[in-house]
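# I would like the atomic coordinates for the input below:
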Amino acid sequence: MVSEFSGPTESEESDKCGICGSVIENLSLNDHLNAYHPSDDDHYCCICNKHFSEIKRLKSHIRIHRYVVFRLF
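Below is the predicted model of the structure:
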């Protein structure tokens, strides 16, 4: 009896990033983490302590706090 091999399963050919949820194909997960989520460049919001791996996302997030404070007064 000969069975057909359909190729690697989804879990064998891709990984999911635990930080951003991206499905990583044809790259190692470590390469993705080093490129998009470097551990030495962690950024935290000083108001709510939310973590951001990119400074531009932190700056965008801080605008939310400014908007909320402005709307309260």
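# Asp15 reaches Leu29, doesn't it?
Yes. If you go by CB atoms under 8 Å, Asp15 and Leu29 touch, sitting 4.4 Å apart. For the C-beta atoms, the positions are set from N, CA and C on the backbone; glycine is no exception.
# could you find the closest non-adjacent residue to Phe51?
No, residue 51 isn't Phe; it's His. Tyr44 (5.7 Å; CB to CB, 6 or more residues apart in numbering).
# which stretches of this protein have low pLDDT?
Low-confidence segments of the chain (pLDDT under 70): 1-13, 26-27, 38-41, 68-73.
# and the helices in it?
10-13, 29-36, 55-72 (DSSP state H).
# CSV for the ones you listed, including mean neighbour count?
Output for these, formatted as CSV (neighbours: other CB atoms under 10 Å):
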stretch, mean neighbour count
helix 10-13, 9
helix 29-36, 13
helix 55-72, 11
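# can I get these in JSON lines with distance to Cys48?
Below are those laid out as JSON lines (distance: least, CB to CB, whole Å):
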{"stretch": "helix 10-13", "distance to Cys48": "35"}
{"stretch": "helix 29-36", "distance to Cys48": "22"}
{"stretch": "helix 55-72", "distance to Cys48": "7"}
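# compare those and give me the one nearest Val23.
Val23 lies closest to helix 10-13 among the helices of the chain, at 8.8 Å (CB to CB).
# domain parsing of the chain, as residue ranges.
Using automatic domain parsing, the domain parsing of the chain gives 1-37, 42-73.
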